[in-house]
Structures are given as C-alpha cells and as structure tokens.
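S.K.: model the following, please.
(one chain, ligands or ions: 1)
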Amino acid sequence: MGDRKPLIDLGLKDPELFRNNAYVNGEWVEAKSGKRFEIIDPGTSQPFATCPDMSTEDVDAAVQAAGAAFATYRTYTPLQRSILLAKWDTLIRENKEDIARILVHETGKPLIEARGEIDYAAGFTRWFAGEAERIQGAVYPAAMPGRRIFTLKQPIGVVAALVPWNFPVAMILRKASTAFAAGCTMVAKPSPETPLTSLTLAYLAEKAGFPKGVFNVLPTTLDNTPALSEALCKHPTVKKVSFTGSTRVGKILSAHCAGGLKKLTLELGGNCPVLVFDDANLEQACDALIPLKFRNAGQACIAANRVYVQRGIYDKFASLLAEKTRALRVGYGLDEGTTMGALTVPQGLDKVASQVEDAKSNGGTVLTGGNKLSLNNGFFFEPTIIANATPSMKIASEETFGPLLALFPFDMEEEAVKVANDTSMGLASYCFTKNVDRLWRLFENLEAGMIGLNTGNMSSAESPFGGIKDSGYGKESGKDVAINEYLITKTGTFSLEGQY
Ligand SMILES: O=CCCC(=O)O
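M.R.: Presented below is the predicted three-dimensional model:
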C-alpha cells in the first residue's frame, strides 16, 4: 500500500491495489512541495482519498527517469515487449473487480459500466501485445542500379500522456499499451479527478515486470495542470505528446509542442450528430442511441449530441426514445441496479441545466428529465430528451458532455448532411437507415473521422480511433496507424560495390 490509506473503506479484495503516491522511476513518491490534494467521489461529493500534488518542480525527475529507462527498454525485442504487455493484461483482468470499484469512486459511473470500461481497456493491452510483434519496415525497389532502399521503424522516445477523466482506465491504457509496444517509455499525467486508477495500473505494470522508469505517473491538481503539462510538452527529452481532452486545451498544447517540433496526437471534442431516416429500424436506432448518449452520463467525446430525425417518423421515434430513456435508473454507482451514475465534475451539471433552460425558452419541449437530481449529495442530472430543437439553441452548436439529447426534425438527406457537418468538430457521426446506397453516400459525405452505420458502438482496440477538423489528428488503436504515432521511420540507402 502507499503511505496513506483511503479515507473510506473501498471494499477492495486486494488493498495493495490502492496506491496514493506518485510513481516515478519505480518508486512511490510524494510531491517535492509535500502538498497533497483530495479526490472527490462524484456520487457523494465527499473526499475519499488524497494524492501528492505534483508540480513543475517534479517534472524533470520523472522525464529523466523515463529517458534513462528508454536507453534500455528500446533494446527489448518485440517478443519481450509483447510478453510484458500480456502479463500486464492478465493482471488487469484478474483484478478487474477492484479496479472497477476504484473507478466508480473516482468517476461516479455505475459498476456495470466500470467493468465494461476495464474490458474495453484490456482490449488495448491485449491488442498491443500483438502489435509489438507486427512492427515492420519495408524494402523499396530503387530506380538507380546497384541501390537498395529500406526502412526501419524505431521507438520515438519518451512520451507524455495527458489523460482525461471520463474513461481514465481505457484512455491511459490506449496510450500506454501503444507506447510500450513500440518501445517507448512514458510520463503520464492523469486528470485531477481520476489519478487513482492510473496509479493502480502503474502498480500492476511493476508487478508485470516493466523495468523502473518505463511508466511514471504524476497526479496533480487542476491548478497545477496547465504548468505541469506545459513543462512536459516543452521538456527536451519528451519526443511525443498524446492528449485526450478539449479542443481549447488541445490548441494550447499544440502551441507548446510547436517550438520543439514534438509529434502530437490530439483526440479532442465531438459535438457528434446522429441522422435517423424514415426507413431506419427504430428499435435498433433507439437501442443504439441510449448507450451512445447516456453511457457515462453523456460524458464521452463520441457521445450523440444532436439527433436529426426525418419528419415521417419524428413523433414515433421521439416517444419510443423517451420511453426507453425513462427506464434508466439513476443512482450511486455502487448501488445495485444503477444504470446511469453521477456526472464526474459538478460544472457539468450547470452546463446541462443551462442548455435545457435555453432550449425551453426557445420553444423546445422536454420529453423526459430536465432537472438536477438531489441524491446522496452527488452530481446527478436526469437523463433528458428535448424535442422540437432548432438551430438557434445552444445545444445545436455546443457539445453538452452530459445526459441531454436534442431531437431536430429534417426532411431531405442533403439538408441533414449539411446541418450535421455544420460544426467545427469532426470526431464521429452516426446514421440509421436501411437504404444501402444512402449509407454509402453518408459514409462518404459526413465530415468525421469515424462513422457509425446503424450502430452507436464503434470503439474497440482493433478500430482506428480519431477525428478530423477541430476534433484533432492522429489515430489511437487499430492496426499500424496507432503504433506508427510512436515510431520513427528511418530510411536506409545502400550501394552495392562496383555498381554506384
Ligand atoms: O471520450 C472519449 C473516448 C471514448 C471511447 O473511447 O469510446
């Protein structure tokens, strides 16, 4: 266990999994300042643990450790890296229940979703255990006689991972598994709300046998986050930065990285549209939309935000969706039967409330929900559906990041595509129709990095994840594309004697 215990009994089968110190160079350490901060359970608004508040003065030691570890870890064979990832994967799966409990306390999500997140997250450790052994250069036929051209893929170096609070286990594993498969080392900065699961994963990485310094985790507060992130981006030993979060912060980090020409992966905001056509299977569309919107209380970058419904089925679809939404059980994440938990940050409540008020005052109809919930002192909001939404409402242009869905009517396909694309974002778009030609047209014409065709679920280890436009660049997960983000391609040119 770390130096301190949790403030409440977390009910862990293995209390060793609770780690509340930073992890640097294989040691569990305090911040140089000696300061700690509280981690709040969103389901009760009460602190349940504390962590060291790492700041810029703690950055160099972590990066130096990762740099020193890189000198050795880069020489590990693909098979050695694959075996380490596979061991980590096994330990994560074996400890799923305990990790899920910590995750519920950190995020407020229901236990059933926390377990699902760990299954999803362990998909990355398993997938990248395989990818480690599939890194390949190429040989190119040369135009000049006697010349041979070939490429070699090598790890880029120390990576800084800036991790969000909405899927803290999945997002850190999506980045770390890729980096470790490539032969890189990492300094991770979890979100201030959710540092504990990252520390548990670091503990399991140590148990799996990753050498000291390969994985370093720096918890910090919201106050220290901008400066610490800037220090990581600008540290000369850091060669790549991977960030998941808002477009606003992504642009700031991009500026920090520009001076050092750091390679950057940005997985940013969504404001994702969904198009439901008259010929869709309405049950299928509703059953896809409920988790797509209300998973993690709507706090997902790929969550549905704006739903455009063709006029012929608008009323029928709206009432079916409202009925299925009313079946959700909002409650404390660890309570039996909870299917939607608290929002992770209290500011989220105000944003949803202000969008609901704005919609109502502009002629929107609340079909279900619409209010904050007074439950357990936690950050709860009812799952909410607004009908008769119009382009002038805030929900038409602002990403909600909460449990609110707005239904907009439309008549023609061209019109729906135009409004769906009328955003600076381009992460994911979804469409529901049984017309195959239309599906194909939509796949080509919707402006997003990922398109769900009769599905709302497209996140998986084998699928390249990432957006276009203001939703960022670079892909995470999937074959080749993700791992290439952590590799350099070195070109060799060779001349045969007597033929140059
Ligand atoms: O919120 C961002 C990630 C969501 C996902 O990986 O499905």
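S.K.: wondering if the lengthiest helix in the chain reaches the ligand at all.
M.R.: Counting by DSSP state H, the longest helix found in the chain is helix 111-131. No - applying Cβ under 6 Å from any ligand atom, one finds helix 111-131 out of contact with the ligand, separated by at least 7.2 Å. Where you see a C-beta, it was placed from the backbone N, CA and C, and this is true even at glycine.
S.K.: averaged pLDDT, stretch 267-274. What do you get?
M.R.: Averaging pLDDT along stretch 267-274 gives 95.
S.K.: close to the ligand, is that stretch?
M.R.: No - Stretch 267-274 stays out of contact with the ligand when judged by Cβ under 6 Å from any ligand atom, the minimum separation being 6.8 Å.
S.K.: for that stretch, measure first residue to last.
M.R.: This stretch, stretch 267-274, spans 20 Å end to end (Cα to Cα, to the nearest Å).
S.K.: quick one: secondary structure of the residue nearest the centre of the chain?
M.R.: Most central in the chain under Cα atoms, centre = their mean is Met171, positioned 4.2 Å from the mean C-alpha point. Per DSSP: H, G, I helix; E, B strand; the rest coil, the secondary structure class of Met171 is helix.
S.K.: what of Gly270?
M.R.: For Gly270, the secondary structure call by three-state DSSP comes out as coil.
S.K.: what distance do you get for it to Val249?
M.R.: 15 Å (Cβ to Cβ, to the nearest Å).
S.K.: show me where pLDDT drops low in the protein?
M.R.: By pLDDT under 70, the low-scoring segments of the chain are 1-3.
S.K.: how many neighbours does Arg36 have?
M.R.: Using other Cβ atoms under 10 Å, Arg36 has 18 other residues around it.
S.K.: same question for Asn457.
M.R.: 12.
S.K.: try Glu27
M.R.: Counted with other Cβ under 10 Å, Glu27 comes out at 13.
S.K.: contact partners for it?
M.R.: Glu27 makes contacts with Lys212, as judged by Cβ atoms under 8 Å, 6 or more residues apart in numbering.
S.K.: my read is that the residue nearest to the centre of the chain contacts Ser177, right?
M.R.: No - Met171 lies out of contact with Ser177 (Cβ atoms under 8 Å); the separation is 11.1 Å.
S.K.: burial measure for the residue lying closest to Pro110 once chain neighbours are set aside, as a count.
M.R.: Leaving aside its chain neighbours, Pro110 sits nearest to Thr338 (4.3 Å; criterion: Cβ to Cβ, 6 or more residues apart in numbering). Counted with other Cβ under 10 Å, the neighbours of Thr338 add up to 22.
S.K.: and the helices in the stretch 401-500 of the chain?
M.R.: Here the stretch 401-500 of the chain has its helices, by DSSP state H, counting those that start in this stretch, at 413-421, 436-445, 481-484.
S.K.: tell me the most buried of these?
M.R.: Greatest average neighbour count among the helices of the stretch 401-500 of the chain goes to helix 481-484 (a mean of 21), per mean count of other Cβ atoms under 10 Å.
S.K.: that helix near the ligand anywhere?
M.R.: No - applying Cβ under 6 Å from any ligand atom, one finds helix 481-484 separated from the ligand by no less than 12.5 Å.
S.K.: what's that helix packed up against?
M.R.: Counting contacts by 3 or more Cβ pairs under 8 Å, 6 or more residues apart in numbering; DSSP states H and E, helix 481-484 is packed against helix 111-131, helix 168-182.
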